[in-house]
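[1] structure here, sequence nowhere to be found:
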């Protein structure tokens, strides 16, 4: 698992007005919580946060959160818990960070990567990835960036399941082992299963708005 540094500031002002002021000057409100310790409201530079989110889009990351608070500086270890964005312009509205310990297991979602070219695809079939990530638990230092599954031997009509993933020692997969990860469909079957495109929502909405953000904006 990658380990990155994120500098933040403890913030005093709460509520809608304070949040709007932060966003106007290019800062994102957030909260650091977990492990039975008092939550810390934080503010982080949007460019620094976006750089971390870009790395986190490809793999889980550990964060050394450097907190500046009235001239005092301390560092806490955390992972990204929740990110709220506007639907239309994808602007970050709020970020939740969860404290972790290197000696305590954490829960995470790891992306699934396919290795090789399926034999069924060379025969004219269509490869369909049904599950892009799986839920796991393990020590932060044991969690890999992703989990791999070899699809090179898959023929048309065959599938691989969660139990077929290559899992390193110390990592426990929590997703049910019988769930299908990837399958190779015959071209005709793939066309029949393709449904009509979903209509876009009529009104803009906030995606993934967490409890912390909701309480803060009341």
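    Received it, and whenever you're ready, just let me know what you need. Because the structure is predicted, anything quoted here is derived from the model rather than measured. Numbers count the residues shown, from 1 in each chain.
[2] low-scoring stretches of this structure, by residue?
    189-218 (pLDDT under 70).
[3] count of residues packed around residue 91?
    Using other C-beta atoms under 10 Å, residue 91 has 12 other residues around it. Every C-beta, even on glycine, is put in place using the N, C-alpha and C of the backbone.
[4] got the domain ranges for the chain?
    With domains defined by automatic domain parsing, the chain comprises 2-100, 106-193.
[5] just say helix, strand or coil for residue 163.
    Under DSSP: H, G, I helix; E, B strand; the rest coil, residue 163 falls in the helix class.
[6] give the partner strands of the strand with the most length in the chain in its sheet and their orientations.
    Assignment by DSSP state E gives strand 72-86 as the longest strand of the chain. Strand 72-86 has the following strand partners under DSSP bridges: strand 61-69 (antiparallel), strand 92-99 (antiparallel), strand 206-207 (antiparallel).
[7] run the chain-centre distance for the top helix by length along the chain.
    With secondary structure taken from DSSP state H, the chain has its longest helix at helix 46-56. Here helix 46-56 is found 12 Å from its chain centre; the criterion is C-alpha atoms, centre = their mean, to the nearest Å.
[8] do stretch 63-81 as well
    Taking mean C-alpha positions (C-alpha atoms, centre = their mean), stretch 63-81 and its chain are 20 Å apart.
[9] likewise stretch 91-108?
    In terms of C-alpha atoms, centre = their mean, the centre of stretch 91-108 is found 10 Å from the chain centre.
[10] straight-line length of that stretch, end to end?
    Using C-alpha to C-alpha, to the nearest Å, the end-to-end distance of stretch 91-108 comes to 24 Å.
[11] show me what counts as buried in that stretch.
    92-100, 105-106, 108 (16 or more other C-beta atoms under 10 Å).
[12] same question, stretch 45-58
    Those would be 45-46, 48-49, 52, 56, for stretch 45-58 by 16+ other C-beta under 10 Å.
[13] centre of the chain to that stretch, how far?
    12 Å.
[14] what's the answer for stretch 12-22, then?
    Worked out by C-alpha atoms, centre = their mean, stretch 12-22 lies 26 Å from the chain centre.
[15] same deal with stretch 175-187?
    22 Å.
[16] can you list contacts of it?
    Stretch 175-187 is contacted from outside by 112, 114, 118, 120-121, 124-131, 134-136, 149, 151, 154-165, 193, using C-beta atoms under 8 Å, 6 or more residues apart in numbering.
[17] please consider this matter closed, and thank you.
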